[in-house]
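Undergrad: the following block contains a protein sequence and its predicted model.
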Amino acid sequence: MESNPSSSRTDRKTIERNRRNHMKSLYSKLNSLVPHQTSREAITLPDQLDEAANYIKRLQEKLEKMKERKDNLMGFERPSTSPNSGAMVGLKPPQIDIHEKGSALEVVLITGVDFQFMFNETIRVLHEEGAEIVNASFSVVDDTVFHTIHAQVEGPVLGHGAARISERLKKFVF
């Protein structure tokens, strides 16, 4: 191997130029993904990075707020003790029991009156998994709703599919 200083210097310059071009394209791509509130004038690279970091932080905060809102809408508020009354405040989470009897599946869903969407979602999951709803009924006692769903599971869904349905429904509720 020949050690020509001129050749190695040229190689280093080329490698460095390629690295800078690659970084420039990555910065440009990052900048294109961030919505800009300022005018279209040129923004310095450090300002672009600050803007991107702030945007990511705002997205994370927004995501957390949306998760809290979803939990509140689904009624998964954690019970807390009110300092004035000492009573439990918050909604109790829904309960689900799934029983397999051969090709039949019985789903018992116990919710509060504020959880009517849970019944619809349970039916949706059963339908997506290929179960045929045979019968569905409900009873209301005070502020508790008892839903009973009978479904028929056939073909490739039978066996492991029933377990998959059971797992999906439990994951949905908890």
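TA: Now that the structure is in, tell me what you want to look at.

Undergrad: and the residue nearest the centre of the chain, what helix or strand is that in?
TA: Taking C-alpha atoms, centre = their mean, the centroid of the chain lies closest to Lys67, which sits 8.5 Å from it. Secondary-structure element containing Lys67, defined by DSSP states H and E: helix 45-74.

Undergrad: and that helix, how far out from the chain's middle?
TA: 15 Å (C-alpha atoms, centre = their mean, to the nearest Å).

Undergrad: which strands or helices does it pack on?
TA: Secondary-structure packing of helix 45-74 (3 or more C-beta pairs under 8 Å, 6 or more residues apart in numbering; DSSP states H and E): helix 5-33. Glycine gets a C-beta too; all of them are placed from N, C-alpha and C.

Undergrad: got the buried residues for the helix it packs on?
TA: For helix 5-33, the neighbour count (16 or more other C-beta atoms under 10 Å) marks no residue as buried.

Undergrad: also stretch 36-55?
TA: Neighbour-count burial for stretch 36-55 [16+ other C-beta under 10 Å]: 48, 51, 55.

Undergrad: which residues does it contact?
TA: Contact with stretch 36-55 is made by 27, 30-31, 33-35, as judged by C-beta atoms under 8 Å, 6 or more residues apart in numbering.

Undergrad: need the residues you listed in CSV with pLDDT and distance to Ala151, can you?
TA: Listed next are those as CSV, based on pLDDT from 0 to 100; distance: C-beta to C-beta, whole Å:
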residue, pLDDT, distance to Ala151
Tyr27, 89, 54
Leu30, 90, 49
Asn31, 86, 52
Leu33, 88, 45
Val34, 87, 48
Pro35, 86, 46
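
Undergrad: of those, which is the nearest to Leu126?
TA: Ranked by distance to Leu126 (C-beta to C-beta), the contacts of stretch 36-55 are led by Leu33 at 39.4 Å.
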